[in-house]
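1. let me see the structure of the following:
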Amino acid sequence: MHRTKKGAMVFHFKHNVFILFFLSLCFTATAQRNFTLQQALQTARANNPVLKTEQFNIGVAQTDVTTAKLFINPTFNFNYMNVAAKSYAEPNSNLYSAINNQYAFQFGKSFQVAGQRRYSIETANKNVAFLEKNYTETERNLFSEVAAKWLEVWTAQKQLDILTTAKNNIDSLVISEQIRYKNQVITQTDLLRTELLSKQYTIQYKTAFQELINQQKELQFLLGVKDSISIDTEDHFLFSIPHDIDSLLTQSLQNRSDILTAKSFIDFSNSNIKLQKSLAFPQPELGFFYNPQNAVPYWGIYAVIDLPFFNRNQGEIKKSHLLKQQAEQHLFTIQKQLQTEITNAYASYQLQQQNVQNFQTILEQSQTILDNVKYAYLKGGTTIIDFLEAQRSWLETQQQYYEALQQYRQSNIQLLYATGLINQLAK
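-> Model prediction:
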């Protein structure tokens, strides 16, 4: 009876431990977020700290629009004068009586002329539009970085999977070889060679595992999330690319964010030229005053205007023209650069696509060779050296294949970036 109770206690203890272990696994799986490439781009668009910082630039520019719409405040001026001493006062009068002093109330307002207010508002609005386009260009660059990092995580995960498969194969062989060595079927050298390769794979596995963790943390920062992350390795993310390169060029010249940013800055420069020319005109100030002098009231009007003998805003006007010329040159340069980028990216994409297709036969041959050599070795038809060489060759082929696949997918991302289509993936 005592044994039964003790056995039941042990059973319940093991059962509870199993439940706790299972719940911990479930919690870990829940806490870790799994991202496809598109989900990663969408998350970065919403949470990336760099983008959040850039968003303030648009808000700051919008306050300039508010400022430009405000009218100039009116001015109020008060002056008071009194005789300095009793000896200067009127006979038989108090020193501070109205007959011994003067004071003036003055009210006026400056006026914007030559469209100064209108052009200020227009320029401020064009600056907001420019910064919005520039923000889209910042997104394009970020999405390229996020996609490249996502792909690096994918590659690190695939390399780890390959090494895991290779390590499991060798580890199972080591167990088999240890039994065969005890039965004196193989020599100690054969066993040591197998164990040596297993140890090498263990070192490579640890390195690959740490590399995966590092890449995941870097992607986590780019996404702006706190939870640990992983990527969906089943996501092929090879988005369709038009086969007509001319249509790609035409579409990119019209819609790529840096092209739109450059055009927007030209619009801003045109408005700025009109604004600076209008500021060459002085702003007149008009008003009226009330001025009692020695108990005699006076009133009147006044006008003040700068005489533009020296300063007619020549420097800012010239600067505004130079900024426009610079913007036009920048647009021309981007358009030429865009054609080169897309042409090169498209050619690389086609080449890498063909390389991946050609690798399929190599993979099949490598797997067949490994299976045949392993079978022959276990049947005593070949040496351990042939098998280990086949195993190394299989691993190298697998790694080369995923490197080629990485380059192919990277070329796909580069083409999406060059054409500006990568921004559409985050919507």
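2. rest of the way, CA atoms for contacts and neighbours
-> Will do.
3. please, where are all the strands along the stretch 101-250 of the chain?
-> Here the stretch 101-250 of the chain has its strands, by DSSP state E, counting those that start in this stretch, at 101-110, 229-231.
4. which helices and strands does the helix or strand residue 360 falls within pack with?
-> Assessed by DSSP states H and E, residue 360 sits inside helix 314-378. Counting contacts by 3 or more Cα pairs under 8 Å, 6 or more residues apart in numbering; DSSP states H and E, helix 314-378 is packed against helix 245-255, helix 257-278, helix 384-419.
5. one more time with 6 Å, if that's ok
-> Packing partners of helix 314-378 (3 or more Cα pairs under 6 Å, 6 or more residues apart in numbering; DSSP states H and E): helix 257-278, helix 384-419.
6. what ranges in this structure fall below the confidence cut-off?
-> Low-confidence segments of the chain, defined by pLDDT under 70: 1-31, 237-240.
7. work out which residue lies at the spatial centre of it.
-> residue 142 (2.5 Å; Cα atoms, centre = their mean).
8. how much space separates it from residue 154?
-> Going from residue 142 to residue 154 by Cα to Cα, to the nearest Å gives 18 Å.
9. same question for residue 145.
-> According to Cα to Cα, residue 145 stands 14 Å off from residue 154.
10. residues near residue 414, how many?
-> Counted with other Cα atoms under 10 Å, residues neighbouring residue 414 total 23.
11. before we move on, what about residue 91?
-> Here the number of neighbours of residue 91 (other Cα under 10 Å) works out to 9.
12. same question, residue 215
-> By other Cα under 10 Å, neighbour count at residue 215 equals 19.
13. against residue 182, how distant is the nearest residue to it once chain neighbours are set aside?
-> Leaving out its chain neighbours, the residue that sits closest to residue 215 by Cα to Cα, 6 or more residues apart in numbering is residue 153, at 5.5 Å. Separation of residue 153 from residue 182 (Cα to Cα) stands at 43 Å.
14. of the two, which one has the most company?
-> Per other Cα under 10 Å, whichever of residue 153 and residue 182 has more neighbours is residue 153, with 25 against 11.
15. neighbour count: residue 145 and residue 154, which is higher?
-> Taking other Cα under 10 Å, residue 145 and residue 154 do not tie; residue 154 has more neighbours (24 against 17).
16. give me the nearest residue to that one, chain neighbours excluded.
-> Per Cα to Cα, 6+ apart, closest to residue 154 is residue 233, 6.2 Å.
17. same question for residue 260.
-> Nearest non-adjacent residue to residue 260 (Cα to Cα, 6+ apart): residue 133, at 6.4 Å.
18. tell me the SS of the residue lying farthest from the centre of the chain?
-> Largest separation from the mean C-alpha position in the chain: residue 92, at 84.2 Å (Cα atoms, centre = their mean). When classified by DSSP: H, G, I helix; E, B strand; the rest coil, residue 92 comes out as coil.
19. ok, now how distant is it from residue 297?
-> Distance of residue 92 to residue 297, given as Cα to Cα: 22 Å.
20. in this structure, which helix is the longest?
-> helix 116-182 (DSSP state H).
21. next, the buried residues of the host helix or strand of residue 55.
-> In this structure, residue 55 is located in helix 49-69 according to DSSP H and E. Neighbour counts over helix 49-69 (16 or more other Cα atoms under 10 Å) mark 49, 51, 54, 58, 61, 62, 64, 65, 68 as buried.
22. and that helix with helix 116-182, angle?
-> 180 degrees (axes from the mean of the first three to the mean of the last three Cα atoms, to 10 degrees).
23. any chance you could list what contacts helix 49-69?
-> Under the contact criterion Cα atoms under 6 Å, 6 or more residues apart in numbering, helix 49-69 has outside partners 120, 121, 124, 128, 131.
24. same thing but 8 Å
-> 45, 117, 120-121, 124-125, 127-128, 131-132, 135, 138-139, 222, 224 (Cα atoms under 8 Å, 6 or more residues apart in numbering).
25. and if you look at stretch 397-415?
-> 144, 147-148, 151, 155, 158-159, 162, 238-239, 342, 345-346, 348-349, 352-353, 355-356, 359, 362-363, 366, 422.
26. of those residues, buried ones?
-> Burial by neighbour count, judged by 16+ other Cα under 10 Å, picks out 144, 147-148, 151, 155, 158-159, 162, 342, 345-346, 348-349, 352-353, 355-356, 359, 363, 366, 422 from the contacts of stretch 397-415.
27. contacting residues for the residue nearest to residue 154?
-> Contacts for residue 233 (Cα under 8 Å, 6+ apart) come out as 36, 154, 157, 158.
28. hang on, the earlier thing: now the longest helix of the chain: how far from the chain's centre is it?
-> 12 Å (Cα atoms, centre = their mean, to the nearest Å).
29. angle of that helix against helix 257-278?
-> 160 degrees.
30. tell me the buried residues in stretch 175-189?
-> Applying 16+ other Cα under 10 Å to stretch 175-189 flags 177, 178, 181, 186 as buried.
31. residues in contact with the closest residue to the second one other than its chain neighbours?
-> Right, the one you point to is residue 178. Counting by Cα to Cα, 6+ apart, residue 178 lies nearest to residue 191, which is 6.7 Å off, once chain neighbours are set aside. Taking Cα under 8 Å, 6+ apart, we find residue 191 in contact with 174, 177, 178, 181.
32. test my guess that the last one contacts residue 187.
-> Yes: with contact defined as Cα atoms under 8 Å, residue 181 reaches residue 187; the gap is 6.3 Å.
33. most widely separated two among the buried residues of stretch 175-189?
-> Using Cα to Cα, the two most remote members of the buried residues of stretch 175-189 are 178 and 186, lying 9.0 Å apart.
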